[in-house]
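> Following is a predicted model, sequence given first.
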Amino acid sequence: MSVIDLTWWQLSLAAALVVALAICTHIARLQLGKPLIVAAVRTAVQLALVGVILEALFAVGTLLWVSLLGLAMLLFAGQQVVSRQKYRLRGGWSFAIGTLSMLVSAFSVTILSLVVLIGPQPWYQPQYSIPLLGMLLGNTMTGVALGLDRLTESMRRSSDIIENRLMLGETWRQASIEFRRDAMRAGLMPTINSMAAAGIVFLPGMMTGQILAGTSPTVAVKYQILIMFTIAAGTGFGTFVSVGMCAKHLFDQRERLCIDRLKELKSP
Amino acid sequence: MPQLKLETLSIGSLEKIALDVPPGEVICLSGSSGSGKSRLLRAVADIEPHNGKISLDDKEQNKIPGHQWRRQVMLVPAQSAWWYETVGEHFNKPMDEALKVFGFPAEATGWQVSRLSSGEKQRLALIRALSYEPSALLLDEPTANLDVETTNKVEKWLLAKIQKHQYPVIWVAHSKEQIQRVGSRHFEIQGSHLVEREISQ
């Protein structure tokens, strides 16, 4: 089976739909026209750039270049986690905790599924490694960002409760358990929901893409299941590590609550 | 019998505070608002960073983990916080006798926390703290939201407990009358240090 390539003028027809939508919202004074167009242009430019980079990377295919791209994706994801926080830890700790937790979860799960489960030759073959890492990082990033945001926001709002629990002689773990539990739940819920609804409510994007590209649905489904499980594991462990580290960092070595280690991000 | 000892304690505007609190004695602490009474108590409970040496008997504060220290040197703040659904879940053990003394019915343990008045919270916070069987007490205006009659009840109950368990106590109080009723000694915060005041009879 061969894939029907898309020509640029066919894509511009799809773009015309977005422009039509923007014009409609503009006429209806919904003030969504401009952000819609900006986002659409960003999609086109960013994806085109990625296409060029991936073409080049597939041509070279060395471990060094795959690792470099992976590192760049990781740092960008760390930045994204920080930018989604209402309250950040002072001194770059939010970035450090976010990046480190994604490193230990998304990267190790990617490498594990490449080496043990899929087994391409060589194991870092960019056709497999980069899309896999990208999907894992994207989902883990969302989980980590949601978890950290919930944790810092709720601990800050309920600092009197935490301090009162400390006064009664509870450890920092006991005093923060409800907040860590809620944060874990906030980080993992999107993944759990999408696993529960997959195939019934929606067809997952990767599977759809593979089927469009001519893969048999059975194979596509197997890959999708693999991806869903690895995403659940990556997101879960990433959120687990980041929430634990962030909560620990909000107490000092005498188990006192240090809420001033958080600073509020000024909204623009 | 535990003895609470503060040596060269510095926190906020307070400098080099020294204070001995013998077992079973109530040291009353007063001072204008913002003078640092509450912060002094928070330092003794090790809930806020501070300098100096604090010990309970031969146990130094920074030689044992923070949560173990706070379990023994129990701070009851002026504003208490409540986090579970019902009152009873916050207690470490059943406190039926104390509830009765304070005029609560036995089913008060099942009350919704969100429906407590500030006066009820204040009394229940004292009961909650004692349910953890501490070795020393730090009380931050424990009767601030109570009427005269209830204040007397709470004072009597606290003094009986303090005598029975020989707690060393630092009690932040405003009213001269209360200091006369409960205090063994009285210190007032002036600037950066404590000045002892006579308890007039």
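It's in. Residues are numbered from 1 along each chain as shown, chains lettered A, B, ... in the order given.

> Just say helix, strand or coil for residue A:131.
Here residue A:131 takes the helix state, with states given by DSSP: H, G, I helix; E, B strand; the rest coil.

> Tell me which helix or strand the closest residue to it other than its chain neighbours sits in.
Distances taken as Cβ to Cβ, 6 or more residues apart in numbering or on different chains put residue A:206 closest to residue A:131, at 7.9 Å, once the chain neighbours are dropped. No exception for glycine: its C-beta is placed from N, CA and C like everyone else's. Residue A:206 belongs to helix A:205-212 when assigned by DSSP states H and E.

> counting contacts, what elements does the next helix or strand after that helix pack onto?
Sequence-wise, the next helix or strand downstream of helix A:205-212 (DSSP H and E) is helix A:217-249. Contacting helix A:217-249 under the criterion 3 or more Cβ pairs under 8 Å, 6 or more residues apart in numbering or on different chains; DSSP states H and E are the following elements: helix A:93-102, helix A:108-112, helix A:126-157, helix A:172-197, helix A:205-212.

> Turn the ones you listed into TSV, columns for mean pLDDT.
Shown next, in TSV, are those (pLDDT from 0 to 100):
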stretch	mean pLDDT
helix A:93-102	96
helix A:108-112	93
helix A:126-157	94
helix A:172-197	94
helix A:205-212	87
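
> want to try CSV for these, with mean neighbour count as columns?
Shown next, in CSV, are the helices and strands packed on helix A:217-249 (neighbours: other Cβ atoms under 10 Å in any protein chain shown):
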stretch, mean neighbour count
helix A:93-102, 22
helix A:108-112, 18
helix A:126-157, 22
helix A:172-197, 18
helix A:205-212, 15
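
> follow-up on the earlier one: what's the angle between the helix holding residue A:206 and helix A:217-249?
Following axes from the mean of the first three to the mean of the last three Cα atoms, to 10 degrees, one obtains 160 degrees for the angle between helix A:205-212 and helix A:217-249.

> what helices or strands is helix A:205-212 leaning on?
Counting by 3+ Cβ pairs under 8 Å, 6+ apart, the packing neighbours recorded for helix A:205-212 are helix A:217-249.

> Give the partner strands of the helix or strand that the helix it packs on is followed by in its sheet and their orientations.
For helix A:217-249, the following helix or strand on the C-terminal side (DSSP H and E) is strand A:262-264. Strand pairing for strand A:262-264, using DSSP bridges, gives strand A:87-89 (antiparallel).

> list the buried ones in the partner strand?
By 16 or more other Cβ atoms under 10 Å in any protein chain shown, the buried positions in strand A:87-89 come out as A:87-89.

> ok, now stretch B:103-112?
Buried residues in stretch B:103-112 (16+ other Cβ under 10 Å): B:104, B:108-109, B:111.

> Test my guess that residue A:195 contacts residue A:230.
No: using Cβ atoms under 8 Å, residue A:195 is not in contact with residue A:230, being 11.6 Å away.

> joint contacts of these two?
Shared contacts of residue A:195 and residue A:230, defined by Cβ atoms under 8 Å, 6 or more residues apart in numbering or on different chains, are absent.

> Could you look up the SS state of the residue of the stretch 151-268 of chain A found nearest chain B?
Closest to chain B within the stretch 151-268 of chain A is residue A:169: 2.7 Å, counting by Cβ to the nearest Cβ. Recorded secondary structure, residue A:169: coil (three-state DSSP).

> any idea what sits nearest it, other than its immediate chain neighbours?
Among residues not flanking residue A:169 along the chain, residue B:71 sits closest, at 2.7 Å (Cβ to Cβ, 6+ apart).

> before we move on, which element is the closest residue to chain A within chain B in?
Closest approach between chain B and chain A, counting by Cβ to the nearest Cβ: residue B:71, at 2.7 Å. Assigned by DSSP H and E, residue B:71 belongs to helix B:66-72.

> Which residues does that helix contact?
The set of residues external to helix B:66-72 that reach it, using Cβ under 8 Å, 6+ apart, is A:166-172, A:254-256, B:2, B:45-47, B:56, B:59, B:61, B:132, B:134-136.

> list the buried ones in it?
The neighbour-count check on helix B:66-72 (16+ other Cβ under 10 Å) flags B:66-67, B:69-72 as buried.

> same thing with stretch A:257-268?
By neighbour count on 16+ other Cβ under 10 Å, the buried set for stretch A:257-268 is A:257, A:261-262.

> Quick check: residues of the stretch 101-250 of chain A near chain B?
Contact residues (Cβ under 8 Å from any Cβ of the partner chain) of the stretch 101-250 of chain A with chain B: A:158, A:160-161, A:163-172, A:178.

> Just send those residues back as JSON lines, with distance to residue B:21 too.
Shown next, in JSON lines, are these (distance: Cβ to Cβ, whole Å):
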{"residue": "A:158", "distance to residue B:21": "32"}
{"residue": "A:160", "distance to residue B:21": "26"}
{"residue": "A:161", "distance to residue B:21": "28"}
{"residue": "A:163", "distance to residue B:21": "23"}
{"residue": "A:164", "distance to residue B:21": "23"}
{"residue": "A:165", "distance to residue B:21": "25"}
{"residue": "A:166", "distance to residue B:21": "22"}
{"residue": "A:167", "distance to residue B:21": "18"}
{"residue": "A:168", "distance to residue B:21": "20"}
{"residue": "A:169", "distance to residue B:21": "19"}
{"residue": "A:170", "distance to residue B:21": "24"}
{"residue": "A:171", "distance to residue B:21": "26"}
{"residue": "A:172", "distance to residue B:21": "27"}
{"residue": "A:178", "distance to residue B:21": "34"}
